[in-house]
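1. below is the sequence, then the predicted model.
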Amino acid sequence: KGTTREQRALKYLKEHARQGDPDSVLETFDEFCRTQEWAMNAAEEKGDILDEIVRELQPTTCLELGTYCGYSAVRIARNLSPSARLITIEVNPDYAAVAREVVKLAGLQDKIEVINLDSADVIRELKTKYDVTKLDLVFLDHWKYLYIRDIKLIEEEKLLKKGSVVFADNVIIPGAPGYLEYIRGSKNYKSTFYSVHFEYMDDMKDGVEKSVYIGDE
Ligand SMILES: O=C(c1ccccc1)c1ccc(O)c(O)c1[N+](=O)[O-]
Ligand SMILES: [Mg+2]
């Protein structure tokens with residue numbers, strides 16, 4: 001077909017979702033993944049927990065690692081207060097291009113900045129180049145072996161404050177064992193595990209980990 005799964009998903013969204021309506025974009029993307037092709041969105045039970053975290057925390061500055069097609073970026077940003085913003089990092093240029101279109105379709109381009117670079121390089125420049133002081137919410141959803149590298153970098157850059165939330169997807173499938181050991185063993189976090197279904201797969205169990213930063217700032 002010459003098209004990628006991500007391009008087919010975007011086409012479906014453009015044809016079936018309501019322009020400027022984040023809820024419609026998410027519902028339509030879920031419909032695509034349930035009826036046409038599976039995609040690795042932090043959806044369903046994972047998305048419900050993410051919604052709950054954002055609504056309770058009311059974060060001002062959010063960082064997402066692993067944009068993919070922008071599903072969770074839209075899911076987070078639709079619940080943000082007017083001046084709040086989300087920086088989302090995607091190293092794959094094809095994914096980043098689709099994500100920018102999905103963000104635009106949802107009408108959230110003023111709240112979401114998609115950066116097509118390596119997460120480590122951006123984290124090191126958040127304070128100097130991206131005008132970030134502290135991160136209220138971090139969502140880890142990129143390559144699973146990079147979770148531990150990047151959380152250590154975020155700590156090194158002193159980007160967390162008491163109450164900041166680090167939310168990690170896929171801690172069971174594909175799994176992030178090194179990250180789990182690190183975050184659960186750290187005195188600087190209070191972590192909670194949630195057993196959830198793998199996105200769009202009713203007979204597969206995954207897990208997400210919510211960690212509240214209680215360490216020194
Ligand atoms: O790694 C995969 C993966 C591995 C193999 C085949 C397809 C996807 C994956 C699966 C579910 C996720 O929620 C997710 O975030 C990812 N990911 O790539 O970051
Ligand atoms: Mg994921």
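-> Now that the structure is in, tell me what you want to look at. Ligands and ions are numbered 1, 2, ... in the order given.
2. quick one: contacts for P59?
-> P59 sits next to 80, 84, 136-137, 165 when contact means C-beta atoms under 8 Å, 6 or more residues apart in numbering. Quick note: C-beta positions are derived from backbone N, CA and C, even for glycine.
3. isn't there a helix covering it?
-> No. Membership of P59 in a helix is not supported by DSSP: H, G, I helix; E, B strand; the rest coil, which gives coil.
4. re earlier: let's have the contacts of P59 in CSV, adding neighbour count and pLDDT.
-> Shown next, in CSV, are these (neighbours: other C-beta atoms under 10 Å; pLDDT from 0 to 100):
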residue, neighbour count, pLDDT
L80, 20, 98
A84, 18, 98
D136, 19, 99
L137, 23, 99
V165, 21, 99
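5. closest one of these to R18?
-> Of all these, R18 sits closest to L80, with 19.6 Å by C-beta to C-beta.
6. let me know the secondary structure of the closest one.
-> coil.
7. quick check: it touching C62?
-> Yes. L80 is in contact with C62 according to C-beta atoms under 8 Å; the separation is 7.2 Å.
8. burial count for K104?
-> K104 is surrounded by 14 other residues when neighbours are defined as other C-beta atoms under 10 Å.
9. distance check, it against W38.
-> Remark: distance between K104 and W38 (C-beta to C-beta, to the nearest Å) = 24 Å.
10. quick revisit: joint contacts of L80 and C62?
-> 54, 86.
11. how far away is whichever residue of the chain sits closest to ligand 2 from T4?
-> Using C-beta to the ion, D169 is the residue of the chain that sits closest to ligand 2, at 3.7 Å. Remark: distance between D169 and T4 (C-beta to C-beta) = 22 Å.
12. go on, T88?
-> 19 Å.
13. which bits of this structure sit near ligand 1?
-> Residues of the chain lying near ligand 1 by C-beta under 6 Å from any ligand atom: 40, 66, 141-142, 169-170, 174, 199.
14. just the buried residues of those.
-> 40, 66, 141-142, 169-170, 199 (16 or more other C-beta atoms under 10 Å).
15. make TSV from the residues you listed and add distance to K14 and pLDDT to it.
-> TSV is the format used below for those (distance: C-beta to C-beta, whole Å; pLDDT from 0 to 100):
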residue	distance to K14	pLDDT
M40	20	98
G66	23	99
D141	24	99
H142	26	98
D169	26	99
N170	28	98
E199	22	98
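16. between these, which is closest to E52?
-> Of all those, D169 has the smallest distance to E52: 14.6 Å, by C-beta to C-beta.
17. with just CA atoms, put whichever strand or helix holds L137 into PDB.
-> If you go by DSSP states H and E, L137 is part of strand 135-140. Extracted C-alpha coordinates of strand 135-140, given in PDB (Å, rounded to 0.1, in the frame of the first residue of the first chain):
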ATOM      1  CA  LEU A 135       8.000  19.600  35.600                       C
ATOM      2  CA  ASP A 136       4.700  18.900  37.400                       C
ATOM      3  CA  LEU A 137       4.000  15.800  35.300                       C
ATOM      4  CA  VAL A 138       6.300  13.400  33.400                       C
ATOM      5  CA  PHE A 139       4.800  10.600  31.300                       C
ATOM      6  CA  LEU A 140       7.300   7.900  30.300                       C
END
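18. the helix or strand just after that strand to strand 135-140, inter-axis angle?
-> With elements assigned by DSSP H and E, the helix or strand that comes after strand 135-140 is helix 147-156. Relative orientation of helix 147-156 versus strand 135-140 (axes from the mean of the first three to the mean of the last three C-alpha atoms, to 10 degrees): 170 degrees.
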